[in-house]
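Enquirer: pasting the sequence and the predicted coordinates here, then a few questions.
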Amino acid sequence: MNFKSFSFPEPLLKALDEIGFEELTPIQQAAIPVIRKGHDVLATAQTGTGKTAAFALPVIHNLLKGTPSKSPRALFLAPTRELAEQIANNCESFTKHTELRTVAVFGGVNVEGQSQRLSQGADIIAATPGRLLDLVRLGSVDLANIEHLVLDEADRMLDMGFIDEMQRVISLAKEDKQLLLFSATFPSAVKQFAKKVLKEPKLVQTTPENTTAETVRHVVYPVEQQRKKELLSELIGKKNWQQVLVFVNMKDDADTIVEELELDGIAATVCHGDKKQGARRRALREFKEGKVRVLVATEVAARGIDIEGLPRVVNYDLPYLPEDYVHRIGRTGRAGNTGQAISFVSREEEQFLLHIEALIGQKIKRYYLPGYEVASRDNLIDNLSKKPSHQRRKARTNRPSNQASGEARVKNRSKISSVRSRLKGVKLKLDK
């Protein structure tokens, strides 16, 4: 099935033709007709399956049919800057032959600049929750006319503790809005949240819950924790890997790994939350252009990184939550391309690996590289799999509790404001 089958307006079809969009992916075939009819939707789809086009195209189609407004009519909410920017870029490509205007809103950049762009008019906003609500408080944007609200990667937003912000945004939009909730994984937290906010939703599900793309080959290398840097460098060098996205859990480790790789003559760069937005964009651009062979990133980069034909992802550290494994490896094996998901597992991480295998429903093949032998783990793995905690494991309900995390952030902000006020008072006294 191609896009012309949906009778999209000519300006939209022209843009899709220029982009090279022809055949629809399964999630697009399933979601577009339902969204165009105005239903609320709960959709689960693997990353790299054309999810953005699946919700953006029918929303844009409905905007073009509707009555123009001076205030935004569509809002796409995303957990990270990278994903919000990617969605905005896609929307700009889709609407290039229309009068519709898209503005991206996210933290890490000048708020005044975003406020100014919004004042010039926006039909579509792609935003992260925190910065969007900052602009609402500043009076820079009014969400009262939002007709279509999309929560993309809702599982990640819930996991990051954005439930209060999401509910606030939903309450600020039109009462009769269309609400679309998209998620790559489908834990109980998402189901509970969807039940609260969606009205008679249509379920769109093209693959079983929490599955990974069939085009991705999974591999595990057992290795002692202290030898992971050596193993990474050796695999990249001996196998001549040219483009490798490496995920770690800690920002300090990301910096150290890049330093070690550079010492071994392997060009690498880093992307994590302590880096300014400009630095993160530059790192991603250099990686895409092949100026560096390795991009070492924390979880913040698992969303919104879209690299065409990325051959492999390395989990230097296994993620604490098995659902995050699905998101990480979703950077490879996209759009029908083959990819490889390589994970290093230390003795301490065997429990995490068991949870990942249980989630994705498959046993991951182990490779033992000569020179990196480890003590036999058969007994350890057998014992771990029999532990009641593993057998009773359920999908996450959120971490920490939604209400508690929201209250904690409010308290922290209040403390910060209080400290800033006191410091300002001290400075005034000193100036006198």
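Expert: Alright, I've got the coordinates. These numbers come from a predicted model, not from an experiment.
Enquirer: quick one: residue 299 from residue 10, how far?
Expert: The spacing between residue 299 and residue 10, counted by CB to CB, to the nearest Å, is 41 Å. All C-beta atoms are positioned from the backbone trio N, CA, C, and that covers glycine.
Enquirer: burial count for residue 292?
Expert: 22 (other CB atoms under 10 Å).
Enquirer: what residues are up against it?
Expert: 267, 268, 269, 283, 286 (CB atoms under 8 Å, 6 or more residues apart in numbering).
Enquirer: and residue 384, what pLDDT?
Expert: In this model, residue 384 is scored at 58, pLDDT.
Enquirer: repeat that for residue 405.
Expert: With respect to pLDDT, residue 405 has a value of 41.
Enquirer: quick one: which of residue 299 and residue 10 has more around it?
Expert: residue 299 (21 against 8).
Enquirer: with adjacent residues omitted, what lies nearest to the more buried one?
Expert: Excluding its sequence neighbours, the residue lying closest to residue 299 (CB to CB, 6 or more residues apart in numbering) is residue 324, at 6.4 Å.
Enquirer: C-terminal to the helix or strand residue 170 falls within, what's the next element?
Expert: Under the criterion of DSSP states H and E, residue 170 resides in helix 163-172. Next in sequence after helix 163-172, counting helices and strands by DSSP H and E, comes strand 178-183.
Enquirer: and residue 140, what does it touch?
Expert: By CB under 8 Å, 6+ apart, the residues touching residue 140 are 114, 115, 118, 119.
Enquirer: A helix includes it, no?
Expert: No - going by DSSP: H, G, I helix; E, B strand; the rest coil, the assignment for residue 140 is coil, not a helix.
Enquirer: mind checking how far residue 51 is from residue 330?
Expert: Counting by CB to CB - residue 51 and residue 330 are separated by 10 Å.
Enquirer: with residue 141 instead?
Expert: Applying CB to CB to residue 141 and residue 330 gives a distance of 31 Å.
Enquirer: and for residue 36?
Expert: With CB to CB as the criterion, residue 36 and residue 330 are 26 Å apart.
Enquirer: so which of those two has more stuff around it?
Expert: residue 330 (25 against 17).
Enquirer: wait, isn't the more buried one in contact with residue 184?
Expert: Yes - applying CB atoms under 8 Å, one finds residue 330 in contact with residue 184, separated by 6.3 Å.
Enquirer: wait, doesn't residue 234 sit right on residue 344?
Expert: No - contact criterion CB under 8 Å: residue 234 and residue 344 do not qualify, at 11.8 Å.
Enquirer: contacting residues for residue 340?
Expert: 216, 217, 219, 311, 312, 313, 332.
Enquirer: would you map the strands across the stretch 151-300 of the chain?
Expert: 178-183, 202-205, 216-222, 244-247, 268-271, 294-297 (DSSP state E, counting those that start in this stretch).
Enquirer: please save the CA atoms from the last one in PDB.
Expert: Going back to what we said before, that points to strand 294-297. Listed next in PDB are the C-alpha coordinates belonging to strand 294-297 (Å, rounded to 0.1, in the frame of the first residue of the first chain):
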ATOM      1  CA  VAL A 294      32.200   5.800  17.900                       C
ATOM      2  CA  LEU A 295      29.500   7.800  19.800                       C
ATOM      3  CA  VAL A 296      29.300   7.000  23.500                       C
ATOM      4  CA  ALA A 297      26.000   8.000  25.000                       C
END
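Enquirer: understood, closing this out.
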